[in-house]
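S.K.: sharing a model that was predicted from the sequence below.
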Amino acid sequence: MALFNISEIYQFAIAIEENGEKFYRAQLKKFNDENIKKLFSLLADEEIKHKETFKSMLEKIEKYEPKESYPGEYFLYLKSYAENIIFNEKELDSKIKKIKDPKSVLDFAIKLEWDSILYYQEMKIYVSADSAKLIDDIIKEERKHFIKLSEARKNLK
């Protein structure tokens, strides 16, 4: 029995992409290294594209309307849940303050992308087999970021 509807997973994905974009934009202001700035600007822009991709995927699946005490309650909960799992703002702020150089910001961003991949891998067990295939599309997008960040880290001077 599936514990989550696939539309819930896409709602999580949208919230995670929104938070990822905020993170990458915030890091643009911290460093003068043009390669880091270019990479993080690209990644922030891609987070927006991923968000739009996930919204498009969400529109193609069955409409899911949970019971709510007030309109939007459930999806506000889901967004908050995603923010606290992948991009916990308090924890992020504390860790981000410790980032002082390009190496540490790349290491941190790589870990965030990896955590996102692991989260989606875990979520696949809570949805139907057909829905798990759709989550694989999300994972594929997250892996692209992981690879770009890992390459930048490897090429860092």
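M.R.: That came in fine, so what should we check first?
S.K.: I'd say residue 109 and residue 149 touch.
M.R.: Yes - using C-beta atoms under 8 Å, residue 109 and residue 149 qualify as a contacting pair, with a distance of 5.1 Å. Every C-beta, even on glycine, is put in place using the N, C-alpha and C of the backbone.
S.K.: quick one, which of those two is more surrounded?
M.R.: Remark: of residue 109 and residue 149, residue 109 carries more neighbours, 26 against 23, as counted by other C-beta atoms under 10 Å.
S.K.: contacts only, for the more buried one.
M.R.: Going by C-beta atoms under 8 Å, 6 or more residues apart in numbering, residue 109 touches 23-24, 27, 40, 43, 149.
S.K.: where's it, which helix or strand?
M.R.: Assigned by DSSP states H and E, residue 109 falls within helix 102-123.
S.K.: give the buried residues for that helix.
M.R.: 102, 105-106, 108-110, 112-114, 116-117, 119-120, 123 (16 or more other C-beta atoms under 10 Å).
S.K.: same deal with stretch 134-141?
M.R.: Using 16+ other C-beta under 10 Å as the test for burial, stretch 134-141 gives 134-135, 138-139, 141.
S.K.: now for whichever helix or strand residue 153 is part of, which elements pack on it?
M.R.: Taking DSSP H and E as the definition, residue 153 sits inside helix 129-155. Helix 129-155 sits against helix 6-28, helix 34-60, helix 102-123, with contacts defined as 3 or more C-beta pairs under 8 Å, 6 or more residues apart in numbering; DSSP states H and E.
S.K.: before we move on, the earlier item: can you put the contacts of residue 109 in TSV and add distance to residue 14?
M.R.: Below are these laid out as TSV (distance: C-beta to C-beta, whole Å):
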residue	distance to residue 14
23	15
24	16
27	21
40	20
43	17
149	21
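S.K.: mind checking which of these are buried?
M.R.: For those, a neighbour count by 16+ other C-beta under 10 Å gives the buried set as 23-24, 27, 40, 43, 149.
S.K.: closest to residue 69 out of the helices and strands packed on helix 129-155?
M.R.: Distance to residue 69, taken as C-beta to C-beta, is lowest for helix 6-28 among the helices and strands packed on helix 129-155, at 17.5 Å.
S.K.: now do the buried residues in the closest one.
M.R.: So for helix 6-28, counting by 16+ other C-beta under 10 Å, buried means 6-21, 23-24, 27.
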